[in-house]
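Q: okay, here's the prediction I keep looking at, along with the sequence it came from:
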Amino acid sequence: MMGEQKSEPQLFNYAVNLEKRVRANHPLRQIKATIDFGFVREEVAHCYGEKGNVSVDPVAILKMMFLLFFDDVPSERELMKIIAERLDYLWFLDYSLDEEIPDHSVLSKARARWGKEVFESLFIRTVAQCVEAGLVDGKKLHVDASLIDADAAKESVIKSSPELIAALKQAYRATESKLEDTTTPESYEAVNDRLMSRSDPDAAAVRRGGGDSRPRYHHHRAIDDQKGVITAVETTPGSIPENKKLLGLIEQHEKNTGSKVEVAIADYKYGRQENYVACAERGTASHMGDATAKQNHVRSQGIFPESAFAYDPVKDIYRCPAGETLKPRRLHWANRTIEYKAAKKVCAGCLLRAQCTRASNGRTLRRHEKQVALDLARAQAHSRAAECDRRRRRHLMEASFADATNNHHFKRARWRRLWRQQIQDYLIASI
Ligand code: SF4
């Protein structure tokens, strides 16, 4: 049966009024006044019966988990120990001085019983409040990602065939579902199919910089340009690249804020053809660094740039600087491009060959099926406005990640499994 924590602001046994003992500008006072944690009672009502033992109030539980990250308390056991000693925590939780503090296990049981949706709601509600307070403009969005160390040692990673790893993951899921109500959904995106951490099978073994490979998650984050409010987050295994989540974050931002994204800003890792085309088609300006330009910079040095070739949309051919015709030869399904080439013997006998190509079979051009949209997005990405936005992005994003890392236990998972890491990320983003 669901319990309810009653606030008693009047004098307590020891003539201590907690309301008066917490200073007027205490951050928790502002949070308590602003954030409505009460929504959780309705959201988790279905998890509690009508009869039986009275539970710890879900509002108090949610606030405890909030405190865990708000003050980066080392562990849940530690939090339960210090609550009794901290007047501000007691006041925030609506506990009296002599009230019994629950066992730390209530937190893990609540997470398993509630699932991640409650924490997602908390995050969405905080974003909505920021919008109401005029802290979110909604039109310019900065996107980035960061790797989070899973709560698993690198020695826990085993290597085997994809079939055996898939069977092991299935077995972990089955065991987990027997132990807890909430499990990692089977539909989440695939990770490296040859490696698996025995401690946390959802995390993927990936490297950060030149360091060791170890189990990690990827935290994908979008922040609004106006004040740096986090408006969208997604957590995936570490092997899911950041550029795959750009559109998902844009859509989540639009849903959470009710504003259409006019400009998407990110570094060159996001500046892929598929992201450029998708942004152009939805009317969002691409202020992302250009990954292809970065890759091609060295490779195409000293030879004719693609702009030296004229495209004829009526005949669907390119005309090269020597006046020869490059015709469509092959379709690349994976990246939605068509390959254009001149006949091998034409390039072989060409006087401009040394300036045009180093390939033995002649010059090749690739044209995306949505090349017009791609060209438009690329022009936006190379504009002066995009450069300014990317400079601002560095400052905003670094501040956002640094605050989360230094103050809110961002870089290391407290718990195991993807759904628990999602809870951690929602709580930190809410804070
Ligand atoms: S090498 Fe081939 S594509 Fe290049 S200029 Fe000569 S004929 Fe044209």
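A: Sure, I can see it. Residues are numbered from 1 along each chain as shown.

Q: longest strand anywhere in the chain?
A: If you go by DSSP state E, the chain has its longest strand at strand 213-224.

Q: for that one, buried residues please.
A: Buried residues in strand 213-224, counted by 16 or more other C-beta atoms under 10 Å: 214, 215, 216, 217, 218, 219, 220, 221, 222, 223, 224. Quick note: C-beta positions are derived from backbone N, CA and C, even for glycine.

Q: equivalent analysis for stretch 318-326, please.
A: 318, 319, 320, 322, 324, 326.

Q: correct me, but the fourth one touches residue 355?
A: Pointing back at residue 322 there. No: checked against C-beta atoms under 8 Å, the pair residue 322 and residue 355 is beyond contact range at 9.7 Å.

Q: on the three-state scheme, residue 52 is what?
A: Per DSSP: H, G, I helix; E, B strand; the rest coil, the secondary structure class of residue 52 is coil.

Q: count of residues packed around it?
A: 8 (other C-beta atoms under 10 Å).

Q: likewise residue 112?
A: Neighbour tally, residue 112, other C-beta under 10 Å: 17.

Q: give me the mean pLDDT for the helix or strand harbouring it.
A: Using DSSP states H and E, residue 112 sits in helix 105-114. Averaged over helix 105-114, pLDDT sits at 95.

Q: returning to that earlier point: restrict the buried residues of stretch 318-326 to those near the ligand?
A: Among the buried residues of stretch 318-326, the residues lying close to the ligand (C-beta under 6 Å from any ligand atom) are 320, 322, 324.

Q: tilt between the helix or strand harbouring residue 60 and helix 105-114?
A: Secondary structure assignment for residue 60, by DSSP H and E: helix 58-70. In terms of direction (axes from the mean of the first three to the mean of the last three C-alpha atoms, to 10 degrees), helix 58-70 departs from helix 105-114 by 110 degrees.

Q: packing partners of helix 58-70?
A: helix 27-34, helix 39-43, helix 76-83, helix 87-93, helix 105-114, helix 117-132, helix 418-430 (3 or more C-beta pairs under 8 Å, 6 or more residues apart in numbering; DSSP states H and E).

Q: got a list of contacts for that helix?
A: 2, 4-5, 28, 31, 37-38, 40-41, 44, 73, 76, 79-80, 83, 89, 92-95, 102, 106-107, 110-111, 114, 118-119, 122, 408-409, 414, 423-424, 427-428, 430-431 (C-beta atoms under 8 Å, 6 or more residues apart in numbering).

Q: what about residue 45, neighbour count?
A: Applying other C-beta under 10 Å, I find that residue 45 has 10 neighbouring residues.

Q: list the contacts of it.
A: So residue 45 contacts residue 2 (C-beta under 8 Å, 6+ apart).

Q: now the one 5 residues further on
A: Residue 50 makes contact with residue 1 under the criterion C-beta under 8 Å, 6+ apart.

Q: quick one, phi/psi of it?
A: phi -80, psi -30 (degrees, to the nearest 10).

Q: got phi/psi on the residue nearest to residue 227 when sequence neighbours are not counted?
A: Excluding the flanking residues, the one nearest residue 227 by C-beta to C-beta, 6 or more residues apart in numbering is residue 135, at 4.8 Å. With angles defined as degrees, to the nearest 10, residue 135 sits at phi -90, psi -10.

Q: residue 135 and residue 126, how far apart?
A: From residue 135 across to residue 126, the span is 10 Å (C-beta to C-beta, to the nearest Å).

Q: so the two - more neighbours on which side?
A: residue 126 (21 against 14).

Q: for residue 120, see how far away the more buried one is.
A: 11 Å.

Q: flag every residue of the stretch 1-150 of the chain that's near the ligand.
A: Counting by C-beta under 6 Å from any ligand atom, no residue of the stretch 1-150 of the chain is near the ligand.

Q: partner residues bridging the residue of the stretch 1-150 of the chain found nearest the ligand?
A: Closest contact between the stretch 1-150 of the chain and the ligand, by C-beta to the nearest ligand atom, is at residue 143 (38.0 Å). Per DSSP bridges, the residues bridged to residue 143 are residue 222.

Q: what about it, distance to residue 279?
A: For residue 143, the distance to residue 279 - C-beta to C-beta - is 11 Å.

Q: what touches both of the two?
A: Listed as contacting both residue 143 and residue 279 by C-beta under 8 Å, 6+ apart are 246, 264.

Q: what is the burial count for residue 246?
A: 27.

Q: pull the number of nearby residues for the single nearest residue of the stretch 151-300 of the chain relative to the ligand.
A: Here the residue of the stretch 151-300 of the chain nearest the ligand is residue 300; by C-beta to the nearest ligand atom that distance is 12.8 Å. When neighbours are defined as other C-beta under 10 Å, residue 300 has 14 of them.

Q: give me the pLDDT for it.
A: Residue 300 is assigned a pLDDT of 70 by the prediction.
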